[in-house]
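J.: pasting a predicted model and its sequence here:
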There are 2 protein chains.
Amino acid sequence: MEKVTLNVTGMSCGHCVKAVEGSVGALEGVNSVQVNLDAATVEVEFNNGVVTLDKIKETIDDQGYDVA
Amino acid sequence: MEKVTLNVTGMSCGHCVKAVEGSVGALEGVNSVQVNLDAATVEVEFNNGVVTLDKIKETIDDQGYDVA
């Protein structure tokens, strides 16, 4: 299990939190997702044998947010 | 048909636009709804014989936004 904290811009409200947590959380291999709006971060715990960090970043990007 | 421009705070993203336009637009008697994020306004065209302005304001409030 690996844990990463991504800097994500553009998240501004509860709907954004839901969109990111829902989409990333639905990925196989993702154990937990936590969005911090104030810090503009997304903390993800995942199994890197099952899902890649690139896939996680792509999923956040697909929701319309920029991953640094 | 009546047209009103409401000042609404707390709308910050595309999801917010969708939440407001969807909920107000679903009211019987509402002809059109247009959210302007930058101006923080919601423009509503409605038939005041069918739906009241209070009902429209209440619907926006129920979505979690403050109507001035």
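T.: Yep, it's here. Numbers count the residues shown, from 1 in each chain, chains lettered A, B, ... in the order given.
J.: ramachandran angles for A:V51?
T.: phi -130, psi 150 (degrees, to the nearest 10).
J.: could you give the number of residues near the closest residue to A:V50 other than its chain neighbours?
T.: With sequence-adjacent residues excluded and distances taken as CB to CB, 6 or more residues apart in numbering or on different chains, A:V50 is closest to A:G29, at 2.9 Å. C-betas here are computed from N, CA, C, even on glycine. Neighbourhood size, A:G29 [other CB atoms under 10 Å in any protein chain shown]: 15.
J.: now stretch A:48-56 - C-alpha only, PDB.
T.: C-alpha atoms of stretch A:48-56 as PDB (Å, rounded to 0.1, in the frame of the first residue of the first chain):
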ATOM      1  CA  ASN A  48       0.400   0.300  -6.800                       C
ATOM      2  CA  GLY A  49       0.300  -3.300  -8.000                       C
ATOM      3  CA  VAL A  50      -3.300  -2.800  -8.900                       C
ATOM      4  CA  VAL A  51      -3.700   0.900  -9.900                       C
ATOM      5  CA  THR A  52      -1.000   3.400 -11.000                       C
ATOM      6  CA  LEU A  53      -0.500   6.900  -9.800                       C
ATOM      7  CA  ASP A  54      -0.900   8.100 -13.400                       C
ATOM      8  CA  LYS A  55      -4.300   6.500 -13.500                       C
ATOM      9  CA  ILE A  56      -5.300   8.300 -10.300                       C
END
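J.: one step back: so who does the residue nearest to A:V50 touch?
T.: A:F46, A:N47, A:N48, A:G49, A:V50, A:V51 (CB atoms under 8 Å, 6 or more residues apart in numbering or on different chains).
J.: just the closest residue of chain A to chain B, please.
T.: Across chain A, the shortest distance to chain B (CB to the nearest CB) belongs to A:H15, at 3.1 Å.
J.: does that residue belong to a helix, a strand or coil?
T.: Recorded secondary structure, A:H15: helix (DSSP: H, G, I helix; E, B strand; the rest coil).
J.: for it, report the pLDDT, please.
T.: Here the pLDDT value assigned to A:H15 is 95.
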